[in-house]
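> Just the structure for this:
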Amino acid sequence: MSFDEREALIMPRGELAGRAEEKVATGTNPLSEKGLLESVPCTPVLAVPGHEVSPPKVLLPPPHFPRRAELLQEWDGRVLAIANGGKELVALLRDLTVPSNPEEEITLDMMEVSEGDRPLVLKGALFYWTIGYEYGPGGQLTRFSRIRFRRIPSLSRRELDAARQEGERLAALFGYGASAGDK
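Residues are numbered from 1 along each chain as shown. Below you'll find the model as predicted:
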């Protein structure tokens, strides 16, 4: 069979598949022009006589949903120790979701901490731990656990001592509390 014997047809999906045996002249859907087909998408295909050809199935992208997060639990943490040869950290957690809950001591695998934050994991370091759901742009639901270490500069012993002395000086000046010599 030569190419000339083939006819280019429009093959709409659904119930109107049998009506679509009109030739494609301009690349438009002749059934739409006649008001027979308004919302059914059609695909031009080459038809071989005696063989039924279906148009390819096209999956439409899911509707767009805005990204958002729903927090389930949030803690404030302080590293107490590095354990198990640096593979774990021991921390004291304070519940930010239900502040009346008592503090908890926990052990976390160091793999829970992002690589960028691992150099910050030192005794006394402060961090936030958040658990929740994240809804992606396609509506995909993902549960997450994020640990973020605070990036506030540490004060040196000298800076702490200077601040303490200034506080004691001001307290004595205004007559509050005991002076440094009364301890």
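
> where are the low-confidence patches of this structure?
The chain contains residues with pLDDT under 70 at 1-48, 51-53, 61-62, 154, 177-183.

> all strands of it, in order?
For the chain, the strands defined by DSSP state E occupy 7-12, 42-47, 68-83, 88-95, 104-109, 126-135, 141-149.

> How is this protein partitioned into domains?
With domains defined by automatic domain parsing, the chain comprises 3-47, 68-149.

> circling back to that earlier point, what's the closest of the strands of the chain to residue 174?
Of all these, it is strand 126-135 that lies closest to residue 174, at 30.9 Å by CB to CB. No exception for glycine: its C-beta is placed from N, CA and C like everyone else's.

> what residues does the closest one touch?
The contact list for strand 126-135 (CB atoms under 8 Å, 6 or more residues apart in numbering) reads 65-79, 91, 93, 117, 120, 141-150, 152.

> just the buried members of those residues?
Taking 16 or more other CB atoms under 10 Å as the criterion, what is buried in these is 75-77, 79, 91, 93, 117, 120, 147, 149.

> out of the residues you listed, who's nearest residue 136?
Nearest to residue 136 among the buried ones among the contacts of strand 126-135, counting by CB to CB, is residue 147 at 21.0 Å.

> Could you verify my assumption that that closest one touches residue 109?
No - the pair residue 147 / residue 109 is not scored as a contact, 10.6 Å apart, by CB atoms under 8 Å.

> Of all the residues in the lengthiest helix in the chain, which ones are buried?
The longest helix of the chain (DSSP state H) is helix 157-174. Under the neighbour-count criterion of 16+ other CB under 10 Å, helix 157-174 has residue 168 buried.

> so what does that helix touch, helix or strand wise?
Judged by 3 or more CB pairs under 8 Å, 6 or more residues apart in numbering; DSSP states H and E, helix 157-174 is in contact with no other helix or strand.

> could you dump that helix to CSV, C-alpha only?
The C-alpha trace of helix 157-174 is given here as CSV (Å, rounded to 0.1, in the frame of the first residue of the first chain):
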residue,chain,number,x,y,z
ARG,A,157,34.2,33.9,77.8
ARG,A,158,35.7,37.4,77.9
GLU,A,159,32.5,38.9,76.3
LEU,A,160,30.3,37.0,78.8
ASP,A,161,32.4,38.2,81.8
ALA,A,162,32.3,41.8,80.5
ALA,A,163,28.5,41.7,80.1
ARG,A,164,28.1,40.2,83.6
GLN,A,165,30.3,42.9,85.1
GLU,A,166,28.3,45.6,83.3
GLY,A,167,25.1,44.1,84.6
GLU,A,168,26.4,44.0,88.2
ARG,A,169,27.6,47.6,87.9
LEU,A,170,24.2,48.8,86.7
ALA,A,171,22.4,46.7,89.4
ALA,A,172,24.6,48.3,92.1
LEU,A,173,24.0,51.8,90.5
PHE,A,174,20.2,51.4,90.8
